[in-house]
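> requesting a structural model of the entry that follows:
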Amino acid sequence: MQNNEHHYVVILAGGIGSRLWPKSLMAKPKQFLDILHTGKTLIRQTFERFTPFIQLDHIFIATTEEYADLTHEQIPELPLENIIREPSRKSTAPCVAYISMKLLEKDPDANLIVAPSDHIIMDTVEFTKAIETALDFSAHLNALVTLGIKPLYPNTGYGYIQYETREVASDIYKVKTFTEKPNLELAKVFLESGEFLWNSGIFVWRVKSVLNAIEKHQPEMFEVFDAEKENFNTDKELAAIKRIYPLCTNISIDFAIMEKSENVYVIPSSFGWSDLGTWNSAYENLEKDYLGNAVTGKHIVVIDATKCMISAPDKKLVVLQGLDDCIVIDTKDSLLICKKDKEQEIKDYVAEVRRNFDDDYL
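Got it, this is the predicted structure:
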């Protein structure tokens, strides 16, 4: 893909990744970690995925004020003004409204990719091809495009997208419905029907198109950004955003506009995607030994244990015996041992830790 003067990307990097506790901490959440021991952090991998076809000054990273220095430290070549500093966490809709309004003032024909910072993508060639298809389609139409992942098994941790079977353009289909994380039985039905994709949370649209949708479906949010638009891209921007954010609803872009809009399209994709949101997803993406254990750490001894996710600091000796289907995550300050099928409850465990010890271990 050629660099295009109207192509932009915003990488969303403001989350705290509590389901990957105790490695992912508030001071340094998962996007700034090398969870899979690849030699690069998740945010660095995401950034490098776009540099071959998006010019450097068109790449933005949206994060909170507390992670701005971490972002600059890990991606020092990015211009400082391209690190978007949100004054508070308000989910993805205000963030998309912010960057879209900012780009509209700068380039009315801006075509924007919205990408999370913490996803694994194995096949960058297929990924780039899907993004190129989406950019070409959205450039000429009032269309909100998402990349859907062809499901490999009935995953209950992902949202699903149902789509019409007739193509509207090559590899592009109209979206019928969005469904939040289903139970196992429903996930099996979705898989068998052949009409559903996993929701990747990767979007492509012209900023004009997404702002039209925000104005229609979230008029109050649109108004507070619109009232300050002349301050964007000036030295008054930061003060303006600090006025705007307290007035915004805490809502995801999916709930805010995607589930309400008629002009939503999906590209069914297969590029080795995983939302690295849980220890089970890390387990799925790591090599296993002959007993199905995924081990990260240089001094780990496993005896009579099967299908475990085990992680410990390189200098620490860990001897593990007799556990099956467990998550064992050891860090300098904390140790988590729980059954893999209880991983959705890790957020509850974190809440319990907070009740007992404030934020000392979070």
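> can we go C-alpha only for contacts and neighbour counts from here?
OK.
> tell me where the model's unsure across this protein.
1-3 (pLDDT under 70).
> how far out from the middle of the chain is stretch 22-37?
14 Å (C-alpha atoms, centre = their mean, to the nearest Å).
> and for stretch 136-149?
18 Å.
> any idea which element F53 lies in?
Under DSSP states H and E, no helix or strand contains F53.
> ok, now V302?
Per DSSP H and E: strand 300-303 holds V302.
> would V175 count as being in a strand?
Yes. Using DSSP: H, G, I helix; E, B strand; the rest coil, the assignment for V175 is a strand.
> contact partners for T38?
With contacts defined as C-alpha atoms under 8 Å, 6 or more residues apart in numbering, T38 has no neighbours.
> could you identify the helix or strand that succeeds the strand holding V302?
strand 309-311.
> sheet-wise, list the partners of that following strand with their directions.
In the sheet containing strand 309-311, its partner strands are strand 294-296 (parallel), strand 326-330 (parallel), by DSSP bridges.
> identify the residues contacting the shortest one?
Under the criterion C-alpha under 8 Å, 6+ apart, residues L36, H37, Y283, L286, E287, K288, K307, C308, M309, I310, S311, A312 lie in contact with strand 294-296.
> show me where the stretch 251-362 of the chain has strands.
Secondary structure of the stretch 251-362 of the chain (DSSP state E, counting those that start in this stretch): strands at 264-269, 273-275, 294-296, 300-303, 309-311, 318-321, 326-330, 335-339.
> I120: which of those is closest?
strand 273-275 (5.0 Å; C-alpha to C-alpha).
> kindly export the helix or strand containing E48 (C-alpha atoms) in CSV.
Element membership for E48 (DSSP H and E) is helix 42-50. Extracted in CSV, the C-alpha atoms of helix 42-50 (Å, rounded to 0.1, in the frame of the first residue of the first chain):
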residue,chain,number,x,y,z
LEU,A,42,2.3,-4.6,22.4
ILE,A,43,2.1,-0.9,21.7
ARG,A,44,5.5,-1.0,19.8
GLN,A,45,4.2,-3.9,17.7
THR,A,46,1.0,-2.1,16.9
PHE,A,47,2.9,1.1,15.9
GLU,A,48,5.3,-0.8,13.6
ARG,A,49,2.3,-2.5,11.9
PHE,A,50,1.3,0.9,10.5
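> next one: that helix to chain centre, how far?
Worked out by C-alpha atoms, centre = their mean, helix 42-50 lies 12 Å from the chain centre.
> same for it, what does it pack against?
strand 7-12, strand 119-121 (3 or more C-alpha pairs under 8 Å, 6 or more residues apart in numbering; DSSP states H and E).
> residues making contact with it?
In contact with helix 42-50 (C-alpha under 8 Å, 6+ apart) are residues 9, 11, 13, 30-35, 74-75, 117-120, 124.
> mind checking which of those residues are buried?
9, 11, 13, 30-33, 35, 75, 117-120 (16 or more other C-alpha atoms under 10 Å).
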